[in-house]
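Participant: this one's structure only:
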């Protein structure tokens, strides 16, 4: 009997609920369903949903092995189910889907249940199978976003993203808005000049995301400016407009790992979840893995 209960406790994913800091123990299948539902529209192709489920599970296990779990009171990473970020609990899904809850839940359960022991591995260990909404047409290398070079996260072609809805977006900021965001976020920045001179040269990463950009006389990482301005992507260009600045972004998200719109496009073209995962995480293998 002890072994049965031991297996039951092991096959859990431990997440920290952002609003109150409590640690939730979520059974693997429930986690996969809740993660897929929070990351992809339920109307998307079976193979894209399966790829997302395996990626989420693999990434969770990678976090278990590499995260500062002490700081998280034993959890592996944080989620915010109420805000539909990272994972949605059954209760949240019921209110989110309403009358369609039973059918949608059943669909995801049927797709994911056979895959709950299938994990993306690299050298026999769970891979950091991170994901984002839309790349700029090429996925980004992990070390250019998080300083850790992982061999299977070195960027691949994802030109299927170019036709994704929301690929290109332009946001307007008044000069005052831009000044406020930059002045509060970056120490040592000089914005006393003409706004036309605030932004200087930018250097790009090999995949075309902004690596560094000169702002007010200092060099800032593209990822930092993306965070400071709340941009959809660090593949951006900035132009003066009548009232201030126009910032145009390509893609949505950090650009590393699986592009969700890319996965959907591949699935629509007949690719299997295995094809999708091996394309976005080259060098990884899919295998049975028990916690």
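Facilitator: Thanks, I have it. Keep in mind the model is a prediction, meaning the values are calculated, not measured.

Participant: can you pull the contacts of residue 278?
Facilitator: Applying CB atoms under 8 Å, 6 or more residues apart in numbering to residue 278 gives the contacts 284, 286. C-beta: built from backbone N, CA, C; applies to glycine.

Participant: hmm, 10 Å instead?
Facilitator: Neighbouring residues of residue 278 by CB atoms under 10 Å, 6 or more residues apart in numbering: 51, 120, 152, 271, 272, 284, 285, 286.

Participant: please identify which of those is nearest to residue 32.
Facilitator: Checking the contacts of residue 278 against residue 32 with CB to CB, the nearest one is residue 51 at 11.6 Å.

Participant: check which helix or strand covers that closest one.
Facilitator: Assigned by DSSP states H and E, residue 51 falls within helix 46-66.

Participant: quick one on the thing from earlier: quick check, nearest of the contacts of residue 278 to residue 177?
Facilitator: The shortest approach to residue 177 among the contacts of residue 278 belongs to residue 51, at 38.4 Å (CB to CB).

Participant: the closest one contacts residue 129, doesn't it?
Facilitator: Yes - Residue 51 is in contact with residue 129 according to CB atoms under 10 Å; the separation is 9.3 Å.

Participant: residues that sit against both of these two, list them.
Facilitator: With CB under 10 Å, 6+ apart, residue 51 and residue 129 have common neighbours 120, 258, 277, 280, 281.

Participant: quick one: the first one from residue 282, how far?
Facilitator: Plainly put, residue 120 is 11 Å away from residue 282 if you go by CB to CB, to the nearest Å.

Participant: what touches both of these two?
Facilitator: Common contacts of residue 120 and residue 282, defined by CB under 10 Å, 6+ apart, comprise residue 152.

Participant: which of the two has more residues huddled nearby?
Facilitator: residue 120 (27 against 13; other CB atoms under 10 Å).

Participant: for the more buried one, name its beta-bridge partners.
Facilitator: residue 286 (DSSP bridges).

Participant: residue contacts, it?
Facilitator: Counting by CB under 10 Å, 6+ apart, residue 120 touches 51, 54-55, 57-59, 61-62, 126-129, 152, 258, 277-278, 280-281, 284-287, 289.

Participant: which of those residues count as buried?
Facilitator: Buried members of these, scored by 16 or more other CB atoms under 10 Å, are 51, 54-55, 57-59, 61-62, 126-129, 152, 258, 277-278, 280-281, 284, 286, 289.

Participant: and residue 261, how many neighbours does it have?
Facilitator: Residues near residue 261, counting by other CB under 10 Å: 27.

Participant: burial check on residue 241, number of neighbours?
Facilitator: 14.

Participant: how far away is it from residue 16?
Facilitator: Using CB to CB, residue 241 is found at 41 Å from residue 16.

Participant: test my guess that residue 124 contacts residue 288.
Facilitator: No - using CB under 10 Å, residue 124 is not in contact with residue 288; the gap is 11.9 Å.

Participant: how long is stretch 277-289 end to end?
Facilitator: Terminal residues of stretch 277-289 lie 16 Å apart, using CA to CA, to the nearest Å.
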